[in-house]
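Student: Next one to model:
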Amino acid sequence: MDIAENPTEPLVLRPGDPGYDGELAGFQTGFAQRPDVVFAASSAADVTAAVRFAAGRGLPIGVQATGHGLPGASQGGVLVTTRRMDGVAVDAGARTVRVRAGVRWGQVVAAAAPYGLAPLNGSAPGVGAVSSTLGGGLGILAREFGYAADHVRALDVVTADGRHRHVTRSADPDLYWALLGAGADFGVVTGLEIGLVPVRRLYGGSLAFDGRAVDPAALLRAYEEWTRTVPDGLTSSFAAVPYPDLPALPPHLRGRYVVSVRVAYTGADGDAVVAPLRRCGPVLADSLREMPYTQSHTIHSDPDFPHAYYGDSAVLGELDLAAAGELLARTGPDAGGPMCVVQINHLGGALARPAPNSVPYREGRFLLRLLSAGERETARAVVDPALALLADTTIGRARNFAFGAGDRSEGLYDPGTHARLAGLKASLDPANLFGGSYGLSACRRASRRPA
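Tutor: Numbering: from 1, shown residues only. Reported below is the predicted structural model:
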């Protein structure tokens, strides 16, 4: 499946080598990676060489694509970077796209648009398409079409035995199931083939309110009530962000506490559907409009500059509005402590449909995500107690949104999914080369320096 590969000798870097530090740089600046060996992969052959090198020495293996998400501690191990594996091929007739491991969602959006097609990408164009899909892939059209993982046709992966496998649901159903939801624990995915959807335009954008002029808890209550009325074709989220007073920010955001609702909708009656939200109070900014899908990244306008952050998530069976109101008070601009971003995604719709993969908690109604700037322990002192407020309605956590909290495995999978994954892990990666931080194996490694 790999596109336009020209196998060469892999670039191998060790601490102190020219280019070592630059190879480790990514979007997340808050957590240092200091692997003993870096394989800067340009091809599946390079990845195979890296896995065989690590397996032969009993070394743990991590993977870094674009750097939005980082693997666990890499000291004493091997890190495979895949940013050079950069290729996209659209099959318009089949409505599919093949992507290599380093491709970002923005590239796929651009490649599919001329054919009137769109991928099930997330809100930020710089996120890795493969890595986010392996964790489920919660996209801006998720309630209409489901998780990105639900649309994967095939994957290419190098497993712990050093084999490069082409995995489909029919040819290898167990590994296919495991990769789509827990991929990093089972190998290095070098590429995948995924379905596209026939979306050329959409109604989207955000309604932003001044969080000091309106009651954020009341706005959240109105939002929750509104979500009970919307069609499955509408995907939305609620966000509360205390913006710092920085010249780099737009004037309407600078130094403000902004509470907003972001919307993506493929229906023709967008203005009518969002009318109840517009009546919630004076609007600070209204960007809701018809747009080409190539502008979909402007709905959230996520920051595109590298920075340090920590966060975690909770999948909620229901939204306890009293507890959520207390959470907003504890994370708002008057609470003190580091800046904390609150985002609540409306789930349901196609996300609730069963699929042949290991993405869990499809019964969840909302996903709560907390993100805090700064050092891990300082941020954790805010994030963890805030999430605990919603403990009574929390059914689990989302692996893609354990921003630096991936060292904690509890809650990432329901018991049945975890048990099946652990059994497959014992069979496919008995030495626990991959993904030991997610609790799928109790195996302990003896860390050895590479020869």
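Student: Doesn't Ala381 belong to a strand?
Tutor: No: applying DSSP: H, G, I helix; E, B strand; the rest coil, one finds Ala381 to be helix, outside a strand.
Student: thinking it is in contact with Gly336, fair?
Tutor: No: with contact defined as C-beta atoms under 8 Å, Ala381 does not count as touching Gly336 (11.1 Å). All C-beta spots, glycine's among them, are computed from the backbone N, C-alpha and C.
Student: Compare neighbour counts for these two and give me the winner.
Tutor: Comparing Ala381 with Gly336 by neighbour count (other C-beta atoms under 10 Å), the higher total belongs to Ala381, at 13 against 8.
Student: Distance check, the more buried one against Gly404.
Tutor: Using C-beta to C-beta, to the nearest Å, Ala381 is found at 13 Å from Gly404.
Student: what about the nearest residue to Gly255 once chain neighbours are set aside, distance to Leu253?
Tutor: Nearest residue to Gly255, sequence neighbours excluded (C-beta to C-beta, 6 or more residues apart in numbering): Asp245, at 3.5 Å. Computed as C-beta to C-beta, the Asp245 to Leu253 distance reads 10 Å.
Student: Ok, Ala41 next?
Tutor: Where Leu253 is concerned, Ala41 sits at a distance of 39 Å (C-beta to C-beta).
Student: ok, now Ile194?
Tutor: 34 Å.
Student: Need the residues that contact stretch 37-44.
Tutor: 2, 5-8, 10-14, 20, 23-24, 46-47, 49-50, 53, 59, 77-82, 84-85, 101, 156, 158, 164, 190-191, 450 (C-beta atoms under 8 Å, 6 or more residues apart in numbering).
Student: Tell me how far it lies from the chain's centre.
Tutor: 23 Å (C-alpha atoms, centre = their mean, to the nearest Å).
Student: So what would you say the end-to-end distance of that stretch is?
Tutor: 18 Å (C-alpha to C-alpha, to the nearest Å).
Student: what mean pLDDT would you report for it?
Tutor: When pLDDT is averaged over stretch 37-44, the result is 96.
Student: what's the answer for stretch 161-168, then?
Tutor: 97.
Student: Could you list the buried residues of it?
Tutor: 162, 164, 167 (16 or more other C-beta atoms under 10 Å).
Student: And for stretch 243-263?
Tutor: Buried residues in stretch 243-263 (16+ other C-beta under 10 Å): 243, 253, 256-263.
Student: which one of the residues you listed is nearest Gly416?
Tutor: Arg262 (33.0 Å; C-beta to C-beta).
Student: Now do the same contact list for the closest residue to the closest one other than its chain neighbours.
Tutor: With sequence-adjacent residues excluded and distances taken as C-beta to C-beta, 6+ apart, Arg262 is closest to Ser206, at 4.5 Å. Listed by C-beta under 8 Å, 6+ apart, the contact partners of Ser206 are 260-263, 285-288, 299-301.
Student: May I ask which two of these are separated the most?
Tutor: Between any two of the contacts of Ser206 (C-beta to C-beta), the greatest distance is 15.1 Å, for Asp286 and His300.
Student: Same drill for these two, tell me which one is more crowded.
Tutor: Using other C-beta under 10 Å as the criterion, Asp286 and His300 rank with His300 on top: 20 against 15.
Student: and the more buried one, helix, strand or coil?
Tutor: Assignment for His300 (three-state DSSP): coil.
Student: and the residue nearest to it when sequence neighbours are not counted, which of the three is it?
Tutor: Among residues not flanking His300 along the chain, Ser123 sits closest, at 3.8 Å (C-beta to C-beta, 6+ apart). Here Ser123 is recorded as coil under three-state DSSP.
Student: Might one say that Ser123 is in contact with Ile299?
Tutor: Yes: the criterion here is C-beta under 8 Å, and Ser123 meets it with Ile299 at 6.6 Å.
Student: Overlap of the contact sets of those two?
Tutor: Jointly contacting Ser123 and Ile299 under the rule C-beta under 8 Å, 6+ apart are 140, 262.
Student: quick one, phi/psi of the residue positioned nearest the centre of the chain?
Tutor: When C-alpha atoms, centre = their mean is applied to the chain, the residue found nearest the centroid is Asn400 (4.0 Å). Asn400 adopts backbone torsions of phi -70, psi -20, taken as degrees, to the nearest 10.
Student: surely it meets Thr133?
Tutor: No: look at Asn400 against Thr133 with C-beta under 8 Å: they stay out of range, at 9.4 Å.
Student: Where does pLDDT dip in this structure?
Tutor: 1-8, 67, 69-74, 405-407, 436-451 (pLDDT under 70).
Student: can you pull out the helices in it?
Tutor: Secondary structure of the chain by DSSP state H: the helices cover 20-24, 44-57, 105-112, 129-134, 142-145, 173-182, 216-227, 270-278, 321-331, 376-388, 415-428.
Student: helices or strands up against the shortest one?
Tutor: What that stands for is helix 142-145. Judged by 3 or more C-beta pairs under 8 Å, 6 or more residues apart in numbering; DSSP states H and E, helix 142-145 is in contact with strand 234-242.
Student: Repeat that for the first one.
Tutor: Packing partners of helix 20-24 (3+ C-beta pairs under 8 Å, 6+ apart): strand 37-40, strand 78-81.
Student: How far away from the center of its chain is the last one?
Tutor: On the basis of C-alpha atoms, centre = their mean, the separation between the geometric centre of strand 78-81 and that of its chain is 20 Å.
Student: who's in contact with Pro276?
Tutor: By C-beta under 8 Å, 6+ apart, the neighbours of Pro276 are 222, 226, 229.
Student: Could you export these as JSON lines, including neighbour count and distance to Gly183?
Tutor: As requested, the contacts of Pro276 are arranged in JSON lines below (neighbours: other C-beta atoms under 10 Å; distance: C-beta to C-beta, whole Å):
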{"residue": "Ala222", "neighbour count": "19", "distance to Gly183": "38"}
{"residue": "Trp226", "neighbour count": "20", "distance to Gly183": "35"}
{"residue": "Thr229", "neighbour count": "9", "distance to Gly183": "36"}
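Student: between those, which is closest to Arg212?
Tutor: Nearest member of the contacts of Pro276 to Arg212, counting by C-beta to C-beta, is Ala222, at 17.3 Å.
Student: Quick check: closest non-adjacent residue to the closest one.
Tutor: Per C-beta to C-beta, 6+ apart, closest to Ala222 is Cys280, 5.1 Å.
Student: What about that neighbour, how many residues nearby?
Tutor: Around Cys280 there are 19 residues (other C-beta under 10 Å).
Student: just Arg212 next, same as before
Tutor: 14.
Student: before we move on, the earlier item: and the contacts of Pro276, which is closest to Val342?
Tutor: Closest to Val342, out of all of the contacts of Pro276 and judged by C-beta to C-beta, is Ala222, at 15.9 Å.
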